[in-house]
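In: Sequence unavailable; structure follows:
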Ligand code: RB5
């Protein structure tokens, strides 16, 4: 199993490459779901592929990058069981793991400078879920997913 599912759109491509180098230096295995250059693409196509790998358990965690981090977050959060968190600083990355058990981090390449983005990646990957009262809240999110389930056609 690859540890990290990576994906981006054209706006996130350069930052995703930096994240790949960073993970490689740390010896963290990843799978890259594209895009693979800066030609314009639609972020849902790539965010979906990585989120699907996390949902199916083929990857433990995802990191998705677009211009703002918003489009990939909205896309990933459509998948049942995915809790994608858009983080702009170390504190939100820590809370996303400790309180929300986020399984995908999303980043805005047009918002963050490289160094801060890599710090956020490190905090996100190194922080554990605290459980306890936070687990009860996560369960309520899962219940909402069940209520909204429209069924297979
Ligand atoms: C692409 O121009 C941009 O819209 C996209 O990267 C992202 O910011 C969408 O949320």
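Out: It's in. All values reported here derive from a predicted model rather than from experimental measurement.

In: Around the ligand, which positions in the chain sit nearby?
Out: Residues of the chain found near the ligand (C-beta under 6 Å from any ligand atom) are 9, 11, 43, 66-68, 70-71. For glycine as for every other residue, the C-beta is placed from the backbone atoms N, C-alpha and C.

In: For the lowest-mean-pLDDT helix or strand in the chain, give me every contacting residue.
Out: The least trusted helix or strand in the chain, going by mean pLDDT, DSSP states H and E, turns out to be strand 2-8, with a mean of 93. Here strand 2-8 makes contact (C-beta atoms under 8 Å, 6 or more residues apart in numbering) with 15-16, 19-20, 23, 28-35, 43, 46-47, 49-51, 53-54, 58-66, 72, 109, 125.

In: Just the buried ones from those, in PyMOL syntax?
Out: In PyMOL syntax, the buried subset of the contacts of strand 2-8 is picked out as below (16 or more other C-beta atoms under 10 Å):
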select buried, resi 15+16+19+20+23+30+31+32+33+34+35+43+46+47+49+50+51+53+54+59+61+62+63+64+65+66+72+109+125
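
In: Which ones among the contacts of strand 2-8 map onto helices?
Out: 15-16, 19-20, 23, 43, 46-47, 49-51, 53-54, 72, 125 (DSSP state H).

In: Tell me the one among these nearest to the ligand.
Out: Nearest to the ligand out of these is residue 43 (C-beta to the nearest ligand atom; 5.4 Å).

In: residue contacts, that closest one?
Out: Contacts of residue 43 (C-beta under 8 Å, 6+ apart): 8-9, 12, 66, 71-72, 75.

In: now, among these, which is nearest to the ligand?
Out: residue 71 (2.6 Å).

In: and the contacts of residue 43, which are buried?
Out: 8-9, 12, 66, 71-72, 75.

In: now, among these, which is nearest to residue 39?
Out: Of all the buried ones among the contacts of residue 43, the one with the least separation from residue 39 (C-beta to C-beta) is residue 9, at 10.0 Å.

In: pretty sure that closest one contacts residue 69?
Out: No. The criterion here is C-beta atoms under 8 Å, and residue 9 misses it with residue 69 at 10.7 Å.

In: what comes up buried for the strand or helix carrying residue 95?
Out: Assigned by DSSP states H and E, residue 95 belongs to helix 90-98. Neighbour counts over helix 90-98 (16+ other C-beta under 10 Å) mark 92-97 as buried.
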